[in-house]
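K.L.:
Turn this into a structure:
(one chain, ligands or ions: 3)
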Amino acid sequence: MRGAFIVFEGGDRCGKTTQCKRIVEYLKSTGIACEYMNFPDRSLTTGKIINDYLLKKTELPDRAVHLLFSANRWELEPKIRSLINRGTSLIVDRYSYSGVAFTSAKEGMDLEWCKLAEIGLPRPDLVCLFKSRVDVVSQRNGWGEERYEKTDFQKKVCENFQLLKDPSYWQEIDAVGSIEEVTENLKPLILETLEKAKSRKLENL
Ligand code: DGP
Ligand code: NA
Ligand code: NA
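P.N.:
Ligands and ions are numbered 1, 2, ... in the order given. Coordinates of the predicted model:
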């Protein structure tokens with residue numbers, strides 16, 4: 001039986017990385033095979049260039065950087081498929097939807113063009129979209145260190161996530177409660193998705 005492919009999405013510093021890791025710990029503690037994965041994976045070949053770009057050490061044209069982020073996901077596509085097919089569930093911190101929402105928040109970038117390089121990647125069984133308020137997250141420590149951490153840009157990103165949202169496999173998560181509360185609310189949703197994935201074929205974007 002295959003594992004489930006679950007993605008957490010949202011604006012920067014909305015708390016989804018913390019929740020991803022807490023869910024992985026919880027699932028492991030109950031004996032469920034699962035792994036944490038995150039995009040961009042800065043340790044990969046493309047990830048090193050992406051890291052320099054995010055830290056504003058290098059400049060690159062918008063389309064070139066968009067395709068690098070996409071290539072970063074394609075670097076791990078064989079691993080994603082093999083883990084899921086061997087029965088390991090994946091809890092993934094950002095995916096193609098960040099790719100589209102962030103790049104298309106830039107001036108002159110078309111949403112449909114942004115989707116093209118994502119076609120053929122495995123489609124998640126569940127996308128948890130973390131709602132957050134930009135005026136709250138922008139107060140968090142270190143805000144502004146990376147390229148996209150600007151209030152107006154993040155508002156645009158959040159609007160783009162709303163355009164991408166597909167109610168058939170997306171759930172909005174209210175990320176305003178305590179860390180413990182958010183995890184408790186997530187657990188039943190995650191467990192239900194793991195169960196359903198067993199009898200469903202993995203689809204593609
Ligand atoms: P993170 O390590 O999750 O904080 O992500 C780094 C930053 O990169 C964050 O601002 C979100 C952004 N990002 C993530 N994936 C993509 C992508 O595919 N394309 C673009 N343009 N930005 C992305
Ligand atoms: Na970030
Ligand atoms: Na993160």
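
K.L.:
going forward, measure contacts between C-alpha atoms and count neighbours the same way
P.N.:
Fine.

K.L.:
quick one, strands of the chain?
P.N.:
Using DSSP state E, the strands of the chain run over 5-10, 34-38, 89-93, 126-131, 170-174.

K.L.:
Endpoints of stretch 134-149, how far apart?
P.N.:
When the termini of stretch 134-149 are compared using CA to CA, to the nearest Å, they are 10 Å apart.

K.L.:
Stretch 165-175 too?
P.N.:
Distance between the two ends of stretch 165-175: 17 Å, counting by CA to CA.

K.L.:
Residues touching it, excluding its own?
P.N.:
Stretch 165-175 is contacted from outside by 14-15, 124-132, 182, 186, using CA atoms under 8 Å, 6 or more residues apart in numbering.

K.L.:
Same check on stretch 154-162?
P.N.:
Identification of contacts with stretch 154-162 by CA under 8 Å, 6+ apart yields 10-12, 97-98, 100-102, 104-105, 134, 148.

K.L.:
With distance to residue 35, neighbour count and pLDDT added, can I get the residues you listed in CSV?
P.N.:
Shown next, in CSV, are these (distance: CA to CA, whole Å; neighbours: other CA atoms under 10 Å; pLDDT from 0 to 100):
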residue, distance to residue 35, neighbour count, pLDDT
10, 20, 25, 95
11, 22, 27, 93
12, 22, 20, 92
97, 20, 22, 98
98, 20, 23, 98
100, 24, 26, 98
101, 25, 25, 98
102, 25, 23, 98
104, 29, 22, 98
105, 30, 21, 98
134, 29, 20, 84
148, 27, 20, 96
